[in-house]
Structures are given as structure tokens and as C-alpha cells.
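J.: 3D model of this:
(4 chains)
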Protein chains: 2
Amino acid sequence: MAERLSLSQAPCPVARSVDLIGDRWLLLILRDAFDGSRRFSEFQRGLGMARNILSDRLRRLVDGGLLTIQPASDGSAWQEYVLTERGYALFPLIVALRQFGESELFSSGEAHSQLLESASGQPLAALRVLNQQGEEISADLTHVKKIT
Amino acid sequence: MAERLSLSQAPCPVARSVDLIGDRWLLLILRDAFDGSRRFSEFQRGLGMARNILSDRLRRLVDGGLLTIQPASDGSAWQEYVLTERGYALFPLIVALRQFGESELFSSGEAHSQLLESASGQPLAALRVLNQQGEEISADLTHVKKIT
DNA sequence: CCGTATCCATTCCGATACTG
DNA sequence: CAGTATCGGAATGGATACGG
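T.: Numbers count the residues shown, from 1 in each chain, chains lettered A, B, ... in the order given. The predicted model follows:
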């Protein structure tokens, strides 16, 4: 699979991001990490996934610099997986996934979990794509300038 | 694979989004769709992927309501795959992938393709997660309220 | 409790050949 | 050009057994 290497070296930032996190388990693990999960079994139970797969995905995330391993906060001899600064940089992406799901994949009135600002208890504002002047920009007002 | 069904019915919007687009090829196809690709071979050449896989992924995107099939704009008897309104709702997500890649996955000075506002030729503003008052919110000031 | 190792079934992927 | 059909190899996923 020459694929793996070529994507991670691609001149397109989307391709590199997809190479790093474009996998269903990785995205769900990251969601849980943002939601406060830190322990192996916490991820495992929350996601209901096989432990060998979880082990593999956690390693990928650590290797990719999105999670780091820390000694457990309780007395136990084990470790915890916590988001790095690079990991936190994925927050807008997770929010985008969440808001897309909320607005497009639930029928009206259907209940779903919600991301709230802790201080106010209110949901966040919808993400908006803005230009440098702070004006909202739709996709058709943009274009990709390829690297030559 | 009970997985497929359970995720698409999950009470978490992130899970449903991941179920729909949490795949490397799907995300890259969508990137190219936002970049103007419409024809089968356009996607195929741009991505260098096997045609049977592309066929499968395009079908998934059409079934998921993200793309729709239209008669070709030139005289040919073929069809084009264009983003639906639901597909356009993924714009912030694609932008998030791009900006994460730009800021985290390129060394400084390394060249990469860029998404520009067509009118001004300038890059877009960085996505920000805001509360209802328009104040920027970091991940640790939020929490997920689970559905009961 | 925290993982790793192994086994087996399923899926995915790329290459190729084929049809309209 | 725009796909579909098939085939073999690789990767993935779940279950389980095992060791720290």
C-alpha cells in the first residue's frame, strides 16, 4: 500500500488530515477523549470495540501526536491517554461532525446528546466559515489554489 | 456487522456523522467535489483510486443524500455527481480538516494547496468555536450532556 | 484492571478484464 | 468515457486466551 505514504506526504492539507484521522474508530475515540475518557477500558466500554483494535488505534493516535500517555491520576500503576495540544486542535473538527449530525441526521424532535458550554448550559453557536473581514462565505465563493 | 446499524441509530450526532462519512475515500471524494469535480473519471484520476471502489463510494454518497446524479452538462450521455444541500452542509467540516492539516501537519515553509475566497484571493479566517454570545470557547469549557 | 497475541471470518483494495 | 464483475492479497474486526 503505497497509499499510506503518498497521502501523508500530499501537498493537500485535507489529504494529510484524512490520512491521520480518516477512520471511523479514530474519530470516535477522539470524540470520547474530548468527552473526558482517559482510560483504556473507558474507551473500550464506551465504544464496545474489540480490545486489540482499540490498542492499535490508541497507538496510532499516540504516534500521530494527538494523544499522550500519562501515569494514571488515581494511585494505580496504569496509564491514561490524554489529548495533546495537537489533539485539542481537532476541536473544531469534532464540533463540525457534531453539528452536521445534529442538523442533517436526526429527524425533528428526535433526541440526541448535546455539547454545551459548561458555564451557561447553553449549546454552542453554529460554526461559520468566514473570510478575513468576518463575513460568512459559502463554498461556491471559494476555490482551491493548487500548489505547482 | 451490527456495527453499521447501531452507529447510524446512535443518539450521538458525532457517531451518525462518522457512520456516514468516516472513511478515508469518502472524505477525499467530498473534498474533490467541493473543489469542483463532477465526473467519474475526474474523481478517479484525481484520487488515483480503483474504479470499483470509486463506484461503491459514489453510490454510498448518493444513497446518503450528499451527492445527487445529474445529466452531464456537456452534450454527453453520461452523468455528473454534484453536491446536494446536505452535502454543502459539510463545508465547515472540510474546512476544519484543511485548517487542521495546514496548522499541524506541515512544517513551516512547506508548500501546500490553499482554499481562498475567490473574490479577494485571500485565505479564509480560522474556524472558531463560539458560544451564543460570540465568545470563543475551548474544549475544556464544554461538556456533553448525554441523552437519558 | 490493562493491555497484547492469536485465530478466523469478513471486508477492503488494487489490478484487470469486460460491457455499453 | 463510464462504469460493472471478478479475483487474490492485505487489512480490519470480533472473540478469546494469555501475561503484567
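J.: what number of residues lie near A:L58?
T.: 20 (other C-beta atoms under 10 Å in any protein chain shown). No exception for glycine: its C-beta is placed from N, CA and C like everyone else's.
J.: from the middle of its chain, how far away would stretch A:21-31 be?
T.: Offset of stretch A:21-31 from its chain centre (C-alpha atoms, centre = their mean, to the nearest Å): 6 Å.
J.: check whether it contacts chain B.
T.: Yes: if you take C-beta under 8 Å from any C-beta of the partner chain as the test, stretch A:21-31 does meet chain B, through A:G22, A:D23, A:R24, A:L27, A:L28, A:R31.
J.: My read is that A:R57 contacts A:L26, right?
T.: Yes: between A:R57 and A:L26 there is a contact at 5.6 Å, judged by C-beta atoms under 8 Å.
J.: coming back round to it: out of the residues of stretch A:21-31 next to chain B, which are buried?
T.: Restricting the residues of stretch A:21-31 next to chain B to buried positions leaves A:G22, A:D23, A:R24, A:L27, A:L28, A:R31, with burial counted as 16 or more other C-beta atoms under 10 Å in any protein chain shown.
J.: Look up how far B:L124 lies from the closest residue in space to the third one that isn't next to it in sequence.
T.: Which is A:R24. In space, and not counting its chain neighbours, A:R24 is closest to B:G22: 3.8 Å by C-beta to C-beta, 6 or more residues apart in numbering or on different chains. Distance, B:G22 to B:L124, by C-beta to C-beta, to the nearest Å: 24 Å.
J.: Likewise for A:L54?
T.: Applying C-beta to C-beta, the value for A:L54 to B:L124 is 36 Å.
J.: the strands in chain A, which residues?
T.: Assigned by DSSP state E, the strands in chain A fall at A:67-71, A:79-83, A:114-117, A:142-145.
J.: So which of A:L54 and B:L124 has more stuff around it?
T.: B:L124 (20 against 17).
J.: ok, back up a step: among the residues of stretch A:21-31 next to chain B, which are located in helices?
T.: Counted as lying in helices by DSSP state H, out of the residues of stretch A:21-31 next to chain B, are A:R24, A:L27, A:L28, A:R31.
J.: Can you list the buried residues in stretch A:85-100?
T.: Applying 16+ other C-beta under 10 Å to stretch A:85-100 flags A:86-87, A:89-100 as buried.
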